[in-house]
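1. This is a predicted model, with the sequence first.
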Amino acid sequence: MLKTLRDEAPVFFSEELNMWIVSRYDDVTRILKNAELFPASTRSIIMASYPPEVREVLASTSTFTAPNMGFDGSPTHDRLRKPVVPYFSAKGVKSLESRIRDITAQRIAEIPSEPPVDLVEAYARPLANSIVIELAGFPEGDYDRILHYHRAVNAFFFGQPPAHLQLAYAKDVREWEEYLSGVIRLRSGSPGDDLISLLTQKVARGEADYTEQELISFLSFDVITAGFRPTSFALVNLCKELLEDPRRWQLLHDEPGHFDALFSETLRRSGPALGVFRMTAADAEVGGVRIPAGAVLWVMTASANRDERHFPEPDAFDPHRPHLAGSLHFSQGLHYCLGANLARVVARAGITALVRHRPGLRLVPDQERVYEPSINVVAPTRLLVEW
């Protein structure tokens, strides 16, 4: 279907979705690199799809209204991003590797000893959640509480809560922010070796310009919502791609140095998102098609990553292919994924431990493939394995 779009309708308006669909690599890249003309300010669009009483609650939250680097352009984006760049840089994440490996060792030990095992539920999801929660600096013992609140925020951004739960979920978002405010006060008074402490100390020293509402929005969306599931999805998709051809799994077992290429090719070929959403700040032309100001665009990075005009034989799994660095799985331009380095290190730790402890791992044959119920997420909700 994506190939048909690229060949026959690379830029078209979907009446059903009420948005423009863009599917070719060159067009997608141009949009991602021009945040001024194609901003990421889409929270108002999400809110508009809900009834007034739900919108009223969401409009009272920082998650949906406060300045946020994921949705705002320069200079707001630059002000919010600059203080945390060192933490998420390659050097910063390298300093976290020991803690990440320790958490991974704990989670690998909790995988049931008898197959079959659901790798999503038993390993990938709890591993990603535990790493994000600990590195962020949330209080020990709050794991289940954070997951409860995350369910609501995630449903609004990456799915749609059932109609009868929307108001309750919106109130959960507001309650979640009251909890976050308490955590910020806790870390401000008793800092530790964690992200929240780092940022609150920078604010106190005048090295970061964040309001409390902006801190809450950052933690709610950029850290938890954008950290939990995408990280686990990347690990699950990597496992699935490697296990679908045992030679790939064996290659990683025998030569761990191939991890980066295998991970990058997996994300190019099976990234966990179909695309990203953008708007037009003014009338624009994309692929020879005029798009009016204020339009919503679904920028299909998954399609761009399989565009044969840029990646020859795009459906083949080839970790040695040229131009792999041009893959768009972490986006491009202003909104390039802040957590890209962290996601790579977590995936490396997770898959390395799995290969070491379960070298004979294989997919359960003929299993039903069940995927996340989301318009934009392509990741298994279950991946059964045995050994």
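-> Sure, I can see it. As the structure is a prediction and not an experimental result, all values here were calculated from the model.

2. which residue packs closest to the most centrally placed residue in the chain, ignoring adjacent ones?
-> The chain has residue 230 as the residue nearest its centroid, 3.4 Å off, counting by CA atoms, centre = their mean. Take residue 230 and drop its neighbours on the chain: the residue closest to it by CB to CB, 6 or more residues apart in numbering is residue 272, 5.9 Å away. For every residue, glycine as well, the C-beta is placed using N, CA and C.

3. The one you found: what's it in contact with?
-> 229, 230, 233, 234, 237, 377, 378, 379 (CB atoms under 8 Å, 6 or more residues apart in numbering).

4. try 6 Å this time
-> 230, 233, 237, 379 (CB atoms under 6 Å, 6 or more residues apart in numbering).

5. Kindly report the same for residue 249.
-> 242, 243.

6. What lies in contact with the longest helix seen in the chain?
-> Longest helix of the chain, by residue count under DSSP state H: helix 166-189. The contact list for helix 166-189 (CB under 6 Å, 6+ apart) reads 50, 53-54, 57-58, 61-63, 137, 149, 152-153, 155, 161, 196-197, 200, 215-216, 219.

7. And the closest residue in space to residue 360 that isn't next to it in sequence, how far from residue 81?
-> Distances taken as CB to CB, 6+ apart place residue 387 nearest to residue 360, at 4.5 Å, with adjacent residues excluded. Distance of residue 387 to residue 81, computed by CB to CB, to the nearest Å: 42 Å.

8. the more surrounded of the two?
-> Between residue 387 and residue 81, counting by other CB atoms under 10 Å, residue 81 is the more crowded of the two (19 against 11).

9. I'd say the more buried one and residue 69 touch.
-> Yes - if you go by CB atoms under 6 Å, residue 81 and residue 69 touch, sitting 4.7 Å apart.

10. number of nearby residues for the residue nearest to residue 33 when sequence neighbours are not counted?
-> In space, and not counting its chain neighbours, residue 33 is closest to residue 333: 4.0 Å by CB to CB, 6+ apart. Residue 333 has 13 neighbours, counted by other CB under 10 Å.

11. one step back: which of the contacts of residue 272 count as buried?
-> 230, 233, 237, 379 (16 or more other CB atoms under 10 Å).

12. List the buried residues in stretch 202-213.
-> Quick answer for stretch 202-213 (16+ other CB under 10 Å): 202, 203, 208, 210, 212, 213.

13. got it, and stretch 8-25?
-> In stretch 8-25, counting by 16+ other CB under 10 Å, buried: 10, 11, 19, 20, 21, 22, 23, 24, 25.

14. now stretch 144-161
-> By 16+ other CB under 10 Å, the buried positions in stretch 144-161 come out as 146-147, 149-150, 152-158, 160-161.

15. In a markdown table: these, plus secondary structure.
-> What follows is the buried residues of stretch 144-161, written out as a markdown table (DSSP: H, G, I helix; E, B strand; the rest coil):
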| residue | secondary structure |
| --- | --- |
| 146 | helix |
| 147 | helix |
| 149 | helix |
| 150 | helix |
| 152 | helix |
| 153 | helix |
| 154 | helix |
| 155 | helix |
| 156 | helix |
| 157 | helix |
| 158 | helix |
| 160 | coil |
| 161 | coil |
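
16. farthest-separated two in the residues you listed?
-> Distance extremes for these: the farthest pair is 146 and 160 at 21.7 Å, using CB to CB.

17. Which secondary structure element of the chain has the lowest mean pLDDT?
-> Lowest by mean pLDDT, DSSP states H and E among the helices and strands of the chain is helix 43-48, with a mean of 90.

18. Distance across stretch 60-73, terminal residue to terminal residue?
-> 22 Å (CA to CA, to the nearest Å).

19. Number the residues from 43 up from this point.
-> OK, 43 is where the count begins now, so the last one is stretch 102-115.

20. tell me the domain ranges of the protein?
-> 43-74+316-370, 75-315+371-428 (automatic domain parsing).

21. Only alpha carbons, please: show the one helix or strand residue 146 maps to as CSV.
-> Under the criterion of DSSP states H and E, residue 146 resides in helix 139-151. Output of helix 139-151 as CSV, limited to C-alpha atoms (Å, rounded to 0.1, in the frame of the first residue of the first chain):
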residue,chain,number,x,y,z
GLU,A,139,25.3,2.4,30.7
SER,A,140,26.4,0.7,33.9
ARG,A,141,23.0,1.5,35.6
ILE,A,142,21.2,0.4,32.4
ARG,A,143,23.0,-3.0,32.4
ASP,A,144,22.2,-3.5,36.1
ILE,A,145,18.5,-2.9,35.5
THR,A,146,18.6,-5.2,32.5
ALA,A,147,20.2,-7.9,34.5
GLN,A,148,17.3,-7.6,37.0
ARG,A,149,14.7,-7.8,34.3
ILE,A,150,16.3,-10.7,32.4
ALA,A,151,16.3,-12.7,35.7
